[in-house]
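Peer 1: Just need the structure, nothing else, for what follows:
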Amino acid sequence: MGNPFDKACATAPPTLGEGCLSRYDPEALSSDDGTEFPGAAALWQQLSAPHQAALADADAQARQPAAIQAQAAEAT
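Peer 2: Residues are numbered from 1 along each chain as shown. As a prediction, this is how the structure comes out:
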């Protein structure tokens with residue numbers, strides 16, 4: 001029968017880099033690898049919108065003390 005792993009049909013695509021920098025080679029990927037996803041941009045916007053709003057709120061809160069200090073400096 002040979003090697004039982006020869007029956008496996010899934011193989012990882014070629015990679016670039018090593019260790020933490022290892023990533024799939026975009027030139028070697030095709031639609032057979034499941035890389036075609038026309039709704040990806042819309043899904044990304046939908047999923048990242050709450051996070052973007054939270055980041056904007058956090059940024060506004062972080063800037064608030066500086067604005068208060070600027071107003072206090074102008075008042076004096």
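
Peer 1: Show me the helices in the protein, by range?
Peer 2: Counting by DSSP state H, residue ranges of the helices within the chain are 40-75.

Peer 1: Show me the residue at the heart of it, geometrically.
Peer 2: In the chain, the C-alpha closest to the average C-alpha coordinate belongs to Trp44, at a distance of 8.8 Å (C-alpha atoms, centre = their mean).

Peer 1: Roughly how far does it sit from Gln52?
Peer 2: 11 Å (C-beta to C-beta, to the nearest Å). (C-beta placed from N, C-alpha, C; glycine too.)

Peer 1: Kindly provide the distance from the residue nearest to Ala12 when sequence neighbours are not counted to Pro38.
Peer 2: What sits nearest to Ala12 in space, not counting adjacent residues and going by C-beta to C-beta, 6 or more residues apart in numbering, is Tyr24, at 7.9 Å. Separation of Tyr24 from Pro38 (C-beta to C-beta) stands at 19 Å.

Peer 1: Which one of the two is surrounded by more residues?
Peer 2: Between Tyr24 and Pro38, Tyr24 has the larger neighbour count (other C-beta atoms under 10 Å), namely 15 against 6.

Peer 1: Could you report the distance from the more buried one to Asp33?
Peer 2: Using C-beta to C-beta, Tyr24 is found at 8 Å from Asp33.

Peer 1: intersection of neighbour lists for those two?
Peer 2: In terms of C-beta atoms under 8 Å, 6 or more residues apart in numbering, Tyr24 and Asp33 are both contacted by the residues Pro13.
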